[in-house]
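In: This is the structure alone, sequence omitted:
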Ligand SMILES: Nc1nc(=O)c2c([nH]1)NC[C@@H]1CN(c3ccc(C(=O)N[C@@H](CCC(=O)O)C(=O)O)cc3)CN21
Ligand SMILES: O=c1ccn([C@H]2C[C@H](O)[C@@H](COP(=O)(O)O)O2)c(=O)[nH]1
């Protein structure tokens, strides 16, 4: 994971100081890329211990199209707690957009003055409110995960294998607009075998807490798709937009940089094959050979 440590060092050395939405403050670079060869090892950070359970359950939860934290809580995962409402809902976040991208539940067609600028709170469940001057569009829902899997099977060399979580029609209803907002698959053939790569565009990157999770999560997603398709996991390419270290993560980042990375020896095995990505369960995955330095605590910026 030298790629991660190199980019972390660059953010520390060259990042500009910026105010941010959370009020914590960051230093940030715009634009960054890291490549991980999945054929060598499963990319887990070794300079601090990662909580694999949270990463795996979160991905299973996205793939099921779930946007309520109940499933996560039942499995001891607390990483989304701060953003949920009293019923555990997060609005139409990742799961909804991956499995049912649509304009559902929005004040999508503006008939007149919505009063939005006046700070009027619009209830998205109020489906046809003439008084407020909006009504819902007739919606078409797209299962982007199912569709891209089908295209990967039928037209592996297509350049259109894209899943996009950034849905401008419903962004204001999300507890947090998607950070990892678009990914693309790429297939190449060598000696009769098909190799599957994935590239993520992450618009906003909490480099200390979020990014190690995001790298592991999308690498796991690539393995899952490869397993469904009978292809070989090839590369994961991470591309970041606003790559930042929060001011209250600087000491933790420096501690990490002072540690010697351990050999990248983690491997992922999928115990049970499934036809579709949303059918995988926690016990279908086995990670072996993961060794790391101890965990480093850091506060999350809300
Ligand atoms: N500021 C911020 N950074 C993020 O990375 C982030 C958000 N907000 N909001 C939405 C999700 C939630 N994510 C999170 C939230 C918490 C941890 C975290 O505290 N990680 C601890 C371990 C906690 C655990 O797994 O139980 C760590 O040491 O990695 C990581 C990612 C990623 N996303
Ligand atoms: O998977 C994730 C989810 C969130 N983040 C980080 C990136 C930012 O620090 C915050 C989001 O704040 P915005 O003001 O909406 O950019 O969450 C992440 O790194 N990975």
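Out: Nice, thanks for sending it over. Just so it is clear, the structure is predicted and the values come from calculations on it, not from any experiment. Ligands and ions are numbered 1, 2, ... in the order given.
In: May I have the phi/psi pair for residue 238?
Out: The phi and psi values for residue 238, taken as degrees, to the nearest 10, are phi -110, psi 120.
In: so where does the closest residue to it other than its chain neighbours fall, helix or strand?
Out: Excluding the flanking residues, the one nearest residue 238 by CB to CB, 6 or more residues apart in numbering is residue 34, at 4.6 Å. Heads up, the C-betas are built off the backbone N, CA and C, glycines and all. Using DSSP states H and E, residue 34 sits in strand 26-37.
In: And whatever residue of the stretch 101-250 of the chain ends up closest to ligand 1, how close does it get to residue 99?
Out: Proximity of the stretch 101-250 of the chain to ligand 1 (CB to the nearest ligand atom) peaks at residue 210, 2.4 Å away. As defined by CB to CB, to the nearest Å, residue 210 lies at a distance of 22 Å from residue 99.
In: Okay, strands next: where are they in the stretch 151-300 of the chain?
Out: Here the stretch 151-300 of the chain has its strands, by DSSP state E, counting those that start in this stretch, at 162-164, 180-190, 193-206, 232-246, 267-270, 285-288.
In: Those: which one's closest to residue 74?
Out: strand 285-288 (18.0 Å; CB to CB).
In: For the most centrally placed residue in the chain, list the residues it contacts.
Out: Relative to the mean C-alpha position of the chain, the nearest C-alpha, by CA atoms, centre = their mean, is the one of residue 180, at 4.4 Å. By CB atoms under 8 Å, 6 or more residues apart in numbering, the contact list for residue 180 reads 94, 165, 200, 201, 202, 214, 217, 218.
In: Turn the residues you listed into a markdown table, including distance to ligand 2 and pLDDT.
Out: Written out in a markdown table, the entries for the contacts of residue 180 read as follows (distance: CB to the nearest ligand atom, whole Å; pLDDT from 0 to 100):
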| residue | distance to ligand 2 | pLDDT |
| --- | --- | --- |
| 94 | 9 | 97 |
| 165 | 10 | 98 |
| 200 | 10 | 99 |
| 201 | 12 | 98 |
| 202 | 7 | 98 |
| 214 | 5 | 98 |
| 217 | 8 | 98 |
| 218 | 10 | 99 |
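In: of those, closest to residue 48?
Out: Nearest to residue 48 among the contacts of residue 180, with distances taken as CB to CB, is residue 214, at 14.9 Å.
In: The closest one against residue 201, yeah?
Out: No - contact between residue 214 and residue 201 fails when scored by CB atoms under 8 Å: they sit 11.1 Å apart.
In: quick one, which of these two is more surrounded?
Out: residue 214 (20 against 17; other CB atoms under 10 Å).
In: got a list of what that one touches?
Out: Counted by CB under 8 Å, 6+ apart, residue 214 has contacts 179, 180, 200, 202, 205, 238.
In: Can you tell me which of the residues you listed has the most neighbours?
Out: Busiest of the contacts of residue 214 [other CB under 10 Å] is residue 238, holding 26 neighbours.
In: how many neighbours does residue 290 have?
Out: 19.
In: Residue 181 now?
Out: Counted with other CB under 10 Å, residue 181 comes out at 19.
In: can you offset everything so residue one is 11?
Out: All right, first residue 11 from here; so that's residue 191.
In: Can you tell me how far it is from residue 232?
Out: Taking CB to CB, one finds residue 191 at 17 Å from residue 232.
In: What's the end-to-end length of stretch 41-56?
Out: Terminal residues of stretch 41-56 lie 24 Å apart, using CA to CA, to the nearest Å.
In: Just the residues contacting stretch 271-281, thanks.
Out: 11-12, 15, 50-54, 56-57, 229-230, 233-234, 237, 290, 293-303.
In: Which of the three states applies to the closest residue to residue 291 other than its chain neighbours?
Out: Excluding its sequence neighbours, the residue lying closest to residue 291 (CB to CB, 6+ apart) is residue 70, at 7.0 Å. With DSSP: H, G, I helix; E, B strand; the rest coil as the basis, residue 70 sits in helix.
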